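> sharing a model that was predicted from the sequence below.
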Amino acid sequence: MSAASVQRKLAAIFAADIAGYSRLMGRDEVGTVERLKACRAVLDRLVESHRGRIFNTAGDSVVADFASAVDAVECAIAVQQALAAEDVRLADGAPVQFRIGIHVGDVIVDGANLLGDAVNVAARLEALAEPGAVCVSAAVHDQIGAKLAVAFSDLGEQSVKNIAQPVRAYRIAGPAPLAEPSDGAALALPDKPSIAVLPFANLSGDPEQDYFADGMVEEIITALSRIRWLFVIARNSSFTYKGQVIDVKRVGRELGVRYALEGSVRKAGSRVRITGQLVDAATGAHLWADRFDGSLDDVFALQDSVASSIAGVIEPTLRDAELRHAAERRGGDPTAYDLYLRALASLSTYGKERIVDALALLDEAIARHPRFAPALALAARCRVDLDNYDASDEHDANRRIAIELAREALRVGADDPGVLGPAAMVLGRFGEDIDAAVALIDRALALNPSFADGWYWSGWLRLFAGQPEPAIEHFNRSLRLNPRAQRGFHLSAIGTAQFIARRFDDAVATLRISLEELPSFPSTYRALAACYAQMGRLDEARAVVGRLRSLTPVVLRTADSFRNPEHREFFAAGLRRAAGELG
């Protein structure tokens with residue numbers, strides 16, 4: 001056949017086959033054939049009604065062409081919805097589901113048959129589709145545009161067999177949910193938040209970069225495993241999904257996890273871009289996404305840095321998600337863990353009443369579970385927050401209870417960074433041995449270097465120990481690990497450290513921004529008032545103290561937390577001057 005005589009046309013190619021056909025035939029040959037015929041009757045009817053033409057069949061596979069991408073996609077969705085409604089299964093309950101791939105391209109007309117790369121790409125897309133799903137190329141995605149009320153999930157560039165260039169693929173996610181894979185019974189969720197870190201896609205087009213993507217995942221699994229309250233699926237289980245197009249809902253069912261972390265790696269020269277996204281496996285909702293750029297000059301340092309950053313951001317994101325889940329399941333007899341989550345939710349808005357409410361919930365949780373270390377540690381930390389408000393005659397009793405709670409938390413949870421951190425903060429604020437408190441927080445950070453709250457508490461302990469500049473570094477590191485944190489607390493801490501370091505202008509600017517973001521934190525007013533007073537700006541110091549008194553009658557607080565005598569007197573003297581100007 002000469003090139004001049006070849007007849008070509010542009011077509012939307014629709015390729016479908018039964019997922020796991022050989023496996024199903026091995027289980028029940030007669031039943032599979034019967035059900036294939038029933039499915040084919042549905043498929044043939046819908047292809048014809050959508051102006052399509054079946055031009056090739058072999059065993060369980062069907063290849064059809066359509067004059068328009070819209071017709072092909074509408075047909076595919078109709079097929080999957082019709083088959084899902086039929087719920088076709090073998091006698092032993094095994095589901096019979098089709099996978100469908102669609103591509104638009106130039107094809108060669110050979111009688112009734114069509115040939116060419118467009119047909120091959122459609123077949124490869126079909127192989128990428130999950131059972132019961134539809135996978136399309138970028139060409140189809142672009143042609144559909146807003147013509148259909150469907151949503152697409154971008155699967156990225158896919159290297160497929162016998163196709164020279166990577167194919168960008170999309171999974172159709174609407175207009176109504178397509179059939180979900182049901183390869184087996186779902187595993188029960190563990191009794192604490194659970195996550196699977198899935199193999200990262202290598203989008204570099206270079207198979208040699210697989211090692212980097214795999215190493216990145218291993219580093220993240222290791223970093224997340226340091227978070228004691230989190231159940232992390234082992235690498236061997238996560239990597240069974242390598243090379244597959246991943247449906248996180250299926251992963252959630254098969255691994256028994258609530259959350260999944262997906263990602264990709266793309267290399268360009270000596271630079272690499274790593275993306276990650278955290279997904280609720282039950283709903284498919286995206287909870288967090290970000291990207292990280294770096295150089296491959298030091299691969300291991302880059303992997304460690306990215307893993308620490310991702311773990312640091314994911315920890316508070318998961319905590320927030322767990323609080324939402326707890327609110328949704330509220331009712332009935334609460335467990336100690338549920339009471340603990342309610343206390344955390346109460347503390348999401350800072351104020352004396354919210355702290356008192358949280359303490360009541362924590363007291364109930366501890367009564368139910370006296371050795372519940374996280375509840376003990378949080379109750380101790382709440383006593384520090386309460387001390388920011390309460391009158392001085394309540395200080396000693398509050399201090400004593402906080403220290404007892406912190407020490408009990410350490411007795412039952414001394415290997416948990418989430419317990420070590422707040423306990424160290426409480427002992428550093430109210431105790432006498434600042435070196436012991438610093439050693440505790442250092443141990444917490446050694447166990448979990450991505451512990452954002454731990455770096456925040458470490459900053460305060462460094463400040464109490466007389467080290468304002470290292471304290472500022474630790475506060476900033478905490479913010480870097482958790483950029484979604486309530487910045488008002490961090491800025492208050494940084495501003496206080498700047499004041500102690502006598503960087504007055506920096507301190508005033510930082511503390512004023514903190515008050516804009518968190519106007520209910522008494523400590524910020526005290527630091528700002530003392531700073532203004534030490535600068536000689538007494539009118540402004542007096543105005544700040546007036547605002548402080550609207551929150552609490554306690555203005556002149558002891559500065560015993562500052563172990564450096566010069567720092568202690570410097571802070572206290574500033575507050576005395578500010579309060580004295582009020583008369």
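Yep, it's here.
> I102 bridge partners, please.
F14, V136 (DSSP bridges).
> quick one: contacts for I100?
When contacts are counted by Cβ atoms under 8 Å, 6 or more residues apart in numbering, I100 touches F14, A15, A16, A76, V79, Q80, E126, A129, A133, V134, C135. (C-beta placed from N, C-alpha, C; glycine too.)
> no no, R549
V555.
> at 10 Å instead, please
R549 makes contacts with P522, Y525, V555, A579, L582, as judged by Cβ atoms under 10 Å, 6 or more residues apart in numbering.
> likewise A444?
415-425, 451, 453-455, 457-458.
> and if we set it to 6 Å?
Neighbour list for A444: P417, L420, G421, G454 [criterion: Cβ atoms under 6 Å, 6 or more residues apart in numbering].
> please enumerate the helices of the stretch 1-150 of the chain.
Ranges of helices in the stretch 1-150 of the chain, per DSSP state H, counting those that start in this stretch, are 21-27, 29-49, 69-86, 117-128, 138-144.
> so which of these is nearest V257?
helix 117-128 (23.0 Å; Cβ to Cβ).
> which helix in this structure runs the most residues?
When the chain is parsed with DSSP state H, its longest helix is helix 299-328.
> the next helix or strand after it - contacts with which helices or strands?
Moving toward the C-terminus from helix 299-328, the next helix or strand (DSSP states H and E) is helix 336-346. In terms of contacts (3 or more Cβ pairs under 6 Å, 6 or more residues apart in numbering; DSSP states H and E), helix 336-346 is packed against helix 299-328, helix 352-368.
> take the helices of the stretch 1-150 of the chain and write them to JSON lines, including distance to R512 and mean pLDDT.
Shown next, in JSON lines, are the helices of the stretch 1-150 of the chain (distance: least, Cβ to Cβ, whole Å; pLDDT from 0 to 100):
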{"stretch": "helix 21-27", "distance to R512": "66", "mean pLDDT": "78"}
{"stretch": "helix 29-49", "distance to R512": "65", "mean pLDDT": "88"}
{"stretch": "helix 69-86", "distance to R512": "55", "mean pLDDT": "86"}
{"stretch": "helix 117-128", "distance to R512": "54", "mean pLDDT": "90"}
{"stretch": "helix 138-144", "distance to R512": "49", "mean pLDDT": "90"}
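> TSV please, covering the ones you listed and showing distance to A497.
Output for these, formatted as TSV (distance: least, Cβ to Cβ, whole Å):
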stretch	distance to A497
helix 21-27	63
helix 29-49	68
helix 69-86	58
helix 117-128	53
helix 138-144	51
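> how about the contacts made by R291?
Taking Cβ under 6 Å, 6+ apart, one finds R273, T275 in contact with R291.
> that one belongs to a strand?
Yes. Looking at R291 with DSSP: H, G, I helix; E, B strand; the rest coil, it is inside a strand.
> report pLDDT for it.
We have a pLDDT of 83 for R291.
> the one 5 residues further on too?
Note on L296: pLDDT of 75.
> do the same with P483
On the pLDDT scale, P483 is placed at 66.
> tally of neighbours for C75?
Neighbours of C75 under the rule other Cβ atoms under 10 Å: 26.
> roughly how far apart are the spatially closest residue to it that is not a sequence neighbour and I77?
Closest residue to C75 apart from its sequence neighbours, by Cβ to Cβ, 6 or more residues apart in numbering: H50 at 3.7 Å. Counting by Cβ to Cβ, to the nearest Å, the gap from H50 to I77 is 10 Å.
> just the strands from the chain, written as ranges.
Listed in chain order, the strands of the chain (DSSP state E) span 7-18, 53-58, 61-66, 98-110, 113-115, 134-137, 152-158, 167-172, 194-197, 201-202, 231-232, 259-268, 271-280, 286-295.
> for these, give me CSV that also has distance to L575.
Below are the strands of the chain laid out as CSV (distance: least, Cβ to Cβ, whole Å):
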stretch, distance to L575
strand 7-18, 75
strand 53-58, 84
strand 61-66, 78
strand 98-110, 70
strand 113-115, 84
strand 134-137, 66
strand 152-158, 56
strand 167-172, 61
strand 194-197, 46
strand 201-202, 56
strand 231-232, 46
strand 259-268, 46
strand 271-280, 43
strand 286-295, 40
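> tell me the most buried of the ones you listed?
Stretch with highest mean neighbour count among these: strand 134-137 (a mean of 29; mean count of other Cβ atoms under 10 Å).
> where in the stretch 101-250 of the chain is pLDDT low?
By pLDDT under 70, the weakly predicted segments of the stretch 101-250 of the chain are 162, 173-188, 191, 205-208, 236, 244-245.
> what bridges to the residue nearest to the spatial centre of the chain?
Taking Cα atoms, centre = their mean, the centroid of the chain lies closest to L278, which sits 3.8 Å from it. Under DSSP bridges, the beta-bridge partners of L278 are L261, W288.
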